[in-house]
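1. Just a sequence and a predicted model for now, questions to come.
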Amino acid sequence: MSQKTRFTKSAIAVAVAIVSTQAWSAGFQLNEFSSSGLGRAYSGEGAIADDAGNVSRNPALITMFDRPTFSGGAVFVDPDVNVSGRSVIGNNASQDNIAPTAWVPNLHFVAPINDQFGWGASVTSNYGLATEFNDSFAAGSMGGKTDLETLNLNLSGAYRLNNSWSFGLGFDAVYARAKVERYAGDLPQIIGANIPALVRAGQLSPQQAAAVGAQAGGISRDTQIAHLKGDEWGFGWNAGILYEVDKNNRYALTYRSEIKVDFDGDYKSSLPATLNPVNAALGLGLPYGTGGSTIDGSLSLHLPEMWEISGYNRVAPKWAVHYSMAYTSWSQFQELKAKGDGGNTLFYKDEGFKDSYRIALGTTYYMDDSWTFRSGIAFDDSPVPANQRSISIPDQDRLWLSAGTTYAFNKDASVDAGVSYMHGQHVKFEEGPYQFKSEGKAWLYGVNFNYAF
């Protein structure tokens, strides 16, 4: 098959890739559940118990609190992600600032029952993203608009076995809302330019070529080739173990289960339904055309399980170090497939994710009864293989640099502030008939208020 023919098949096929690979990658797995954690790059979170927010990471930490404690706040995410690229026919496919700013709120409450038992509750967001390309963007079939919001409601309890061992178990209810839009971009031009190659290769008859060419010629760049919107609940659990050598040294193992979210929502495509038989006959992978009509669609999304080991050591009266390593089983996410009520495949994409890890190291300085200072560094390993990257979120390995502080007004009330700089590597990749370069960075700012009753 010629290079042009391969590009043409790819161009037609990628029009069906409504939800990009990165819509459910590390780019949408959030750590921002507390501002104190932000200030130390979320290092040692399973073993630190300086505010109620840590309990959402490890329910066993509930036993570290001797009175009811509240924490509430938000982290502001300010990303700067730019994409430059060209299509196979030479059109510019570049856009700056594809990711908008966002707020990630959090609420936490912990209450001991007695010396052995306690419970806690939290409201956080463990997953979320938003990317926005112009409707007339040349690679609109790859980019478009992607918006995922989640709300995680957690209820947990803990039991202290003795002075060394504590165990915790929690229940997670996750509400997810997703909206994805893709646009034709310059795909009609690419298809039209390569129809002769398809005819020569015997993939299209002259009659089919004329029909496809006429239909492609009537599709403008800002034609919405796919729109999918839905919301649903998913359920899972988390557990943690805390081992205390003494009051200054402790270690933790935590686990968060896989959560399956079965979306049932609305799907529509402005592509004419008359293209569907051609797609089926030739196996070109076109999105299912509805001529602008709305039909029911369903998609199963598997949010991966995660393991984390953490440690906290107070190495001097005023100094502590903390560290962690998290392992996320992203290899559970191998495909993305949406189907209609009639069994029609609305779109399909082979994902091929790999498991990923995150390592973090930080330090805390307890200056006096009023001021605490912290810092941290972390490395996020991307779960997306180089040949699977996509411009929706051109996922990449990331380095975190963080700093933060806590000011205690008295023994009951305090405020946390944290800031992180997240730097992603520059990457080059191909997606369908497009070649891209991308670079990204982000600043994160967080504030939380804490109160012990």
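-> Good, I have the coordinates. All values reported here derive from a predicted model rather than from experimental measurement.
2. Pretty sure Leu155 sits against Val123.
-> No: no contact is recorded between Leu155 and Val123 when judged using Cβ atoms under 8 Å, the distance being 10.5 Å. The way it works is simple: take the backbone N, C-alpha and C, and place the C-beta from them, glycine included.
3. right, and Thr223 touches Gly185 too?
-> No: contact criterion Cβ under 8 Å: Thr223 and Gly185 do not qualify, at 9.1 Å.
4. So between the two, which is more surrounded?
-> Neighbours per residue (other Cβ atoms under 10 Å) separate Thr223 from Gly185, with Gly185 holding more: 33 against 20.
5. got the contact list for the residue nearest to that one when sequence neighbours are not counted?
-> Take Gly185 and drop its neighbours on the chain: the residue closest to it by Cβ to Cβ, 6 or more residues apart in numbering is Gly140, 3.5 Å away. Contacts were defined as Cβ atoms under 8 Å, 6 or more residues apart in numbering; by that measure Gly140 touches 133-134, 182-185, 187, 221-222, 225.
6. same thing but at 10 Å, please
-> Taking Cβ atoms under 10 Å, 6 or more residues apart in numbering, we find Gly140 in contact with 15, 93, 133-134, 181-187, 221-225.
7. Quick check: the gap between it and Leu346.
-> The span separating Gly140 from Leu346 equals 18 Å under the rule Cβ to Cβ, to the nearest Å.
8. now this protein, which segments are flagged as low pLDDT?
-> The chain contains residues with pLDDT under 70 at 1-29, 278-286, 347, 349-350, 393-394.
9. Show me which strand runs longest in it.
-> With DSSP state E setting the assignment, residue counts place strand 224-246 as the longest strand in the chain.
10. CA atoms only for it, dumped as CSV, please.
-> Listed in CSV are the C-alpha atoms of strand 224-246, where the atom choice follows Å, rounded to 0.1, in the frame of the first residue of the first chain:
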residue,chain,number,x,y,z
GLN,A,224,-19.2,18.6,14.3
ILE,A,225,-18.4,15.0,13.3
ALA,A,226,-19.1,13.7,16.8
HIS,A,227,-20.7,14.8,20.0
LEU,A,228,-20.9,12.6,23.1
LYS,A,229,-22.3,13.7,26.5
GLY,A,230,-23.2,11.7,29.6
ASP,A,231,-23.0,11.3,33.3
GLU,A,232,-23.0,8.3,35.6
TRP,A,233,-22.0,7.0,39.1
GLY,A,234,-19.2,4.4,39.7
PHE,A,235,-18.3,2.7,43.0
GLY,A,236,-15.2,1.3,44.6
TRP,A,237,-13.2,1.0,47.8
ASN,A,238,-9.9,1.9,49.4
ALA,A,239,-7.9,0.5,52.2
GLY,A,240,-4.8,1.4,54.2
ILE,A,241,-2.3,0.0,56.8
LEU,A,242,-0.3,2.2,59.1
TYR,A,243,2.8,0.9,61.0
GLU,A,244,4.2,3.2,63.7
VAL,A,245,7.7,2.4,64.9
ASP,A,246,7.4,5.3,67.4
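11. these two touch, right, Ile359 and Tyr323?
-> Yes: counting by Cβ atoms under 10 Å, a contact exists between Ile359 and Tyr323, whose distance comes to 7.9 Å.
12. Overlap in contacts, the two.
-> Shared contacts of Ile359 and Tyr323, defined by Cβ under 10 Å, 6+ apart, comprise 43, 378.
13. who has more neighbours, those two?
-> Comparing Ile359 with Tyr323 by other Cβ under 10 Å, the one with more neighbours is Tyr323, at 20 against 15.
14. Show me what the more buried one bridges to in the sheet.
-> With DSSP bridges applied, the residues forming beta bridges to Tyr323 are Gly311, Leu361.
15. can you check Tyr159 too?
-> Bridge pairing for Tyr159 (DSSP bridges) gives the partners Phe117, Phe167.
16. do Arg250 as well
-> Each beta-bridge partner of Arg250 is listed here, defined by DSSP bridges: Glu244, Tyr312.
17. again, but for the one 4 residues further on
-> Residues found in beta-bridge contact with Thr254 (criterion: DSSP bridges) are Gly240, Glu308.
18. Am I right that it is in contact with Gly46?
-> Yes: contact status for Thr254 versus Gly46: in contact at 4.6 Å, counting by Cβ under 10 Å.
19. so what's in contact with these two at the same time?
-> If you check Thr254 and Gly46 against Cβ under 10 Å, 6+ apart, the residues they both contact are 57-61, 240-242, 308-310, 324, 326.
20. Now these in JSON lines, please, with extra columns for neighbour count and distance to Ile259.
-> Conversion of these to JSON lines gives the following (neighbours: other Cβ atoms under 10 Å; distance: Cβ to Cβ, whole Å):
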{"residue": "Arg57", "neighbour count": "28", "distance to Ile259": "16"}
{"residue": "Asn58", "neighbour count": "30", "distance to Ile259": "18"}
{"residue": "Pro59", "neighbour count": "34", "distance to Ile259": "16"}
{"residue": "Ala60", "neighbour count": "30", "distance to Ile259": "21"}
{"residue": "Leu61", "neighbour count": "31", "distance to Ile259": "22"}
{"residue": "Gly240", "neighbour count": "27", "distance to Ile259": "17"}
{"residue": "Ile241", "neighbour count": "17", "distance to Ile259": "21"}
{"residue": "Leu242", "neighbour count": "27", "distance to Ile259": "24"}
{"residue": "Glu308", "neighbour count": "25", "distance to Ile259": "16"}
{"residue": "Ile309", "neighbour count": "16", "distance to Ile259": "21"}
{"residue": "Ser310", "neighbour count": "27", "distance to Ile259": "22"}
{"residue": "Ser324", "neighbour count": "28", "distance to Ile259": "21"}
{"residue": "Ala326", "neighbour count": "25", "distance to Ile259": "16"}
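21. Between these, which sits nearest Ser269?
-> Taking Cβ to Cβ as the measure, Ala326 is the one of the shared contacts of Thr254 and Gly46 closest to Ser269, at 38.4 Å.
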